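S.K.: Got a predicted model here, sequence first, then my questions.
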Amino acid sequence: MSDETPICSAKGCRAAAVWVLAWNNPKLHTPERRKTWLACDEHREHLSHFLDLRGFLKDVVTLEEWERNAGAAGER
């Protein structure tokens, strides 16, 4: 892992991120706004559950798919 390798957002975890959890707090953010947490395979379900219980979770995709879609959006 390099200093630029995305890591899991779970507290104390230093594993490489595999998943992107896109979310927003409807009390604070406009509907189209997306914040992100990164997750390793081990913490994806736990972090998703945490966000979903609060009604914040909008999407879960692989980091590879997220980066591919971000690159495609930048090419427009």
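M.R.: In hand now; what should we look at? As the structure is a prediction and not an experimental result, all values here were calculated from the model.

S.K.: Run through who's touching stretch 49-58.
M.R.: 21-26, 34, 37, 48 (Cβ atoms under 8 Å, 6 or more residues apart in numbering). Placement of C-beta: from N, CA and C, glycine included.

S.K.: what do you get if the cut-off is 7 Å, keeping everything else the same?
M.R.: 21-25, 34, 48 (Cβ atoms under 7 Å, 6 or more residues apart in numbering).

S.K.: Leaving out sequence neighbours, find the closest residue to residue 23.
M.R.: Excluding the flanking residues, the one nearest residue 23 by Cβ to Cβ, 6 or more residues apart in numbering is residue 56, at 4.3 Å.

S.K.: and if you look at residue 59?
M.R.: Nearest non-adjacent residue to residue 59, counting by Cβ to Cβ, 6+ apart: residue 22, 4.2 Å away.

S.K.: secondary structure class for the one you found?
M.R.: Three-state call for residue 22 (DSSP: H, G, I helix; E, B strand; the rest coil): strand.

S.K.: wait, it sits on residue 37?
M.R.: No: look at residue 22 against residue 37 with Cβ atoms under 7 Å: they stay out of range, at 8.5 Å.

S.K.: These two: which has the busier surroundings?
M.R.: Set side by side, residue 22 and residue 37 show more neighbours around residue 37, with 22 against 17, by other Cβ atoms under 10 Å.

S.K.: Check which helices and strands whatever helix or strand the more buried one lives in sits against.
M.R.: Residue 37 belongs to strand 35-39 when elements are defined using DSSP states H and E. In terms of contacts (3 or more Cβ pairs under 7 Å, 6 or more residues apart in numbering; DSSP states H and E), strand 35-39 is packed against strand 19-23.

S.K.: Now do the strand it packs on, average pLDDT.
M.R.: Confidence for strand 19-23, expressed as mean pLDDT, is 98.
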